[in-house]
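In: sequence first, predicted coordinates after that:
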Amino acid sequence: MQYQMPSLIGAQTPAASTAFLDRLGAARSAGPISNYDYKSIKSKKQLKEIMKVLKPENKTFLKIPYTFKYNIKDRCVVCGTHKIWEASDNLRPPLPLHKVRKGYPMRGTYCDKHAGIHRQYEYLEQQILAEEHGLSFSAYVPKASSLNPINLVTSGPLQGLKETDIQSLSALGWTVKPPSGSEESKEAELFRLIIEQNAIGDRVKILLTEGAKMTPVEPVEAE
């Protein structure tokens, strides 16, 4: 029985065995989502490596490139895999550029594998930019707690004010009083008044430090 190569349209596995391909050929071939393993340990050399992986496939005539092979709508510009991205998909990559970092936009897109490699390329660019400015960079890794729908629910209406809330409101000049018709215990009233007094005192110190201009009041002479 003769072996038939699988079609690149909608391919989820490599179209050809990557066992006999080099690092670049295996990374550019169709396949499942995977990270690209860098050969170099220096960031700028890694950037050149991964840009070679994401560069669109060329058509050649007598070994002379003259156009792009997979510059077709809903086809990966690197390996030719058919991929239709939903507009709401968070993993949807940007439009490919013919020089990866710059150039005119292509008509095609990236498949799942090369969209993941493009995300890896974006992280590497941010890391290099942070290192040039002396900053530390850590890539965002979503945690299960941040994706829990319970944690995404907004809080309900306020039933009371905390100490920090009363301090911030009093410092801005607000007068915090209980609603009409409600009974406030003497302990709660004393606690609220002490916080308001401290906040007003802090506000007075700020105004005196900044040099608030006080307009003198002239005494009114009695006729």
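Out: Arrived safely, thanks for sending. Numbering: from 1, shown residues only.
In: and the chain, what are its domains?
Out: The chain breaks down into these domains under automatic domain parsing: 23-132, 163-210.
In: what is the end-to-end distance of the first one?
Out: Between the opening and closing residues of domain 23-132 we find a distance of 28 Å, counting by Cα to Cα, to the nearest Å.
In: and for stretch 71-86?
Out: One end of stretch 71-86 to the other measures 19 Å (Cα to Cα).
In: residues in contact with it?
Out: 8-11, 15, 28-30, 53-57, 68-70, 92-93, 96, 106-114 (Cβ atoms under 8 Å, 6 or more residues apart in numbering). From N, CA and C alone the C-beta is placed, and that goes for glycine too.
In: go on, stretch 98-118?
Out: Here stretch 98-118 makes contact (Cβ under 8 Å, 6+ apart) with 27, 30-36, 50-51, 53-56, 68, 70-79, 81, 83, 85, 91-97, 121.
In: still on that earlier bit, out of the domains of the chain, which one sits most buried?
Out: Of all these, domain 23-132 has the most neighbours on average by mean count of other Cβ atoms under 10 Å, namely a mean of 16.
In: any idea which of the domains of the chain has the lowest pLDDT on average?
Out: Lowest mean pLDDT within the domains of the chain: domain 163-210, at a mean of 73.
In: how far off centre is it?
Out: Relative to its parent chain, domain 163-210 has a centroid offset of 39 Å by Cα atoms, centre = their mean, to the nearest Å.
In: change the start of the numbering to 17 and stick with it
Out: Yes, from this point I'll number from 17; that puts the last item at domain 179-226.
In: gap between the two ends of stretch 53-73?
Out: 20 Å.
In: hmm, who's touching it?
Out: 39-40, 43-44, 52, 84-87, 93-96, 112, 114-117, 122, 124, 126, 130, 133-134, 136-137, 140-141, 143-144, 147.
In: show me the strands in this protein, by range?
Out: Using DSSP state E, the strands of the chain run over 74-77, 80-84.
In: now the ones you listed in TSV, with distance to Asn214?
Out: What follows is the strands of the chain, written out as TSV (distance: least, Cβ to Cβ, whole Å):
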stretch	distance to Asn214
strand 74-77	72
strand 80-84	69
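In: among those strands, which is nearest Val220?
Out: strand 80-84 (70.5 Å; Cβ to Cβ).
In: which strands and helices sit next to the closest one?
Out: Counting contacts by 3 or more Cβ pairs under 8 Å, 6 or more residues apart in numbering; DSSP states H and E, strand 80-84 packs against strand 74-77.
In: show me what the strand it packs on is packed against.
Out: Packed against strand 74-77 by the contact rule (3+ Cβ pairs under 8 Å, 6+ apart) you find strand 80-84.
In: which of the contacts of stretch 53-73 fall within helices?
Out: If you go by DSSP state H, those have 39-40, 43-44, 130, 133-134, 136-137, 140-141, 143-144, 147 in helices.
In: for the residues you listed, which one is nearest Thr180?
Out: Distances from Thr180 to the ones in helices among the contacts of stretch 53-73, taken by Cβ to Cβ, are shortest for Gln143, at 37.0 Å.
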